[in-house]
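J.: Sequence first, predicted model second:
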Amino acid sequence: MTAPIPDASSDASPATGRRRVLLATGMSGAGLSVALKALEDLGYESVDNLRLSLVPALIAQGDPSHRPLAIVIDSRTRDFSVAAFLEQIESLKARPDLDVRLLFLDCGDEVLQRRFTETRRRHPLADDRPVPDGIQRERTLLHPLKQRADVVTDTTQLSIHDLRRLLAGNFSLDAQPALQVFVTSFSFRLGLPREADLVFDVRFLTNPHWDLALRPLTGRDPAVAARVESDPDFPAFFENLTGLLRPLLPRYNQEGKSYLTVAIGCTGGRHRSVFVAERLAEWLKGLGLKVALNHRDLERQGPRSG
């Protein structure tokens, strides 16, 4: 049986007595409203579109229960200023009674434009100009905040469920949060998962797609699993993959990273990547880690996929 990795959380300094303050900002249309609701469900007191000048007063009101705060401040805010926001962040982070983090939500330009077009909303920085102009203006304006963020989450390819999962992984209110690992398979044909921390390419393995009997199946089917596993290079690959991850996992934990996303890709996202992701998730669970598993592109394509 594989021994569990060391739990680095026991070495971390507890945040008892420090009120957690999560400042959230990002691109308009990237999902800040969804994020704020998800944080509220996690136990945060949530405040949307708060003026920068009111942040210290809100925190100064005090809360005997030390209930954590999640505050959205973005380009809609009346007195919004990137320079003032950065100054506010540094001032709050310097306070010994607060545990302050900055979350930045990003999203691809095409997806943002589509979201604004579908909802018929006006971009807050577009004025009387086209939506793409407002998006570019906002991206340039917010760049320093993105560079300063503790966590950057790109929502381009994320469902609402995925965004909630990522926020729960990064900002859970557990007393002693341990590293959580999310494993996902994907199709290179449909693009890399933007939230991935580590990406592994398994397109070198035997492709069941070329077996007509296996083509309609997936990597979760025993016949496909047996075919991939029979590749003479698979045992050494999987041993090297786990050998790479094993010393990294406790180090991520020691550095305070609470959520790690590992992506496994093949051509079509149905066979090889699915099987390897399933096997890797099983191995990680054997280490005693909390693991979530998803197959991003399994239902997005028909059996013609490789």
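T.: Good, I have the coordinates. Residues are numbered from 1 along each chain as shown.

J.: secondary structure class for residue 193?
T.: Put simply, residue 193 is coil when judged by DSSP: H, G, I helix; E, B strand; the rest coil.

J.: so which helix or strand takes in the nearest residue to it once chain neighbours are set aside?
T.: Spatially, and ignoring its direct neighbours in sequence, residue 193 is nearest to residue 263 (4.7 Å; C-beta to C-beta, 6 or more residues apart in numbering). Quick note: C-beta positions are derived from backbone N, CA and C, even for glycine. Take DSSP states H and E as the rule and residue 263 turns out to sit in strand 259-266.

J.: And that strand, what does it pack against?
T.: On a contact count with 3 or more C-beta pairs under 8 Å, 6 or more residues apart in numbering; DSSP states H and E, strand 259-266 meets helix 160-171, strand 180-187, strand 198-201, helix 234-254, helix 272-286.

J.: what distance separates the shortest one from the middle of the whole chain?
T.: Between the centre of strand 198-201 and the centre of its chain there are 15 Å (C-alpha atoms, centre = their mean, to the nearest Å).

J.: Give the pairing partners of that strand; include direction for each.
T.: strand 259-266 (parallel) (DSSP bridges).

J.: residues in contact with the partner strand?
T.: 166, 169-170, 179-188, 192-193, 195-203, 205, 207, 245, 249, 252, 272-273, 276-277, 280, 306 (C-beta atoms under 8 Å, 6 or more residues apart in numbering).

J.: Show me which of those residues are buried.
T.: 166, 169-170, 179-188, 193, 195-196, 198, 200, 202, 205, 207, 245, 249, 252, 272-273, 276-277, 280, 306 (16 or more other C-beta atoms under 10 Å).

J.: closest to residue 215 out of the helices and strands packed on strand 259-266?
T.: helix 272-286 (12.8 Å; C-beta to C-beta).

J.: before we move on, back to that, mind putting the helices and strands packed on strand 259-266 into a markdown table with mean pLDDT and distance to residue 23?
T.: Below are those laid out as a markdown table (pLDDT from 0 to 100; distance: least, C-beta to C-beta, whole Å):
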| stretch | mean pLDDT | distance to residue 23 |
| --- | --- | --- |
| helix 160-171 | 87 | 12 |
| strand 180-187 | 94 | 23 |
| strand 198-201 | 97 | 27 |
| helix 234-254 | 93 | 24 |
| helix 272-286 | 96 | 32 |
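
J.: Show me the strands in this structure, by range?
T.: Along the chain, counting by DSSP state E, strands occupy 19-26, 45-47, 69-72, 98-106, 151-154, 180-187, 198-201, 259-266, 290-295.

J.: which residues of the stretch 1-150 of the chain score low on pLDDT?
T.: 1-17, 62-65 (pLDDT under 70).

J.: picking up where we left off before, can you check what angle separates the strand holding residue 263 from helix 160-171?
T.: Relative orientation of strand 259-266 versus helix 160-171 (axes from the mean of the first three to the mean of the last three C-alpha atoms, to 10 degrees): 130 degrees.

J.: Would you mind splitting the chain into its domains for me?
T.: 8-171, 180-295 (automatic domain parsing).

J.: Tell me how far residue 186 lies from residue 77.
T.: 36 Å (C-beta to C-beta, to the nearest Å).

J.: Might one say that residue 98 is in contact with residue 92?
T.: Yes: between residue 98 and residue 92 there is a contact at 5.7 Å, judged by C-beta atoms under 8 Å.

J.: Quickly list what's touching both of those two.
T.: Shared contacts of residue 98 and residue 92, counting by C-beta under 8 Å, 6+ apart, come down to 21, 59.

J.: give the contact list for the residue nearest to residue 173 when sequence neighbours are not counted.
T.: If the residues on either side of it in the chain are set aside, residue 173 comes closest to residue 43, at 4.9 Å by C-beta to C-beta, 6+ apart. Listed by C-beta under 8 Å, 6+ apart, the contact partners of residue 43 are 67-68, 173.
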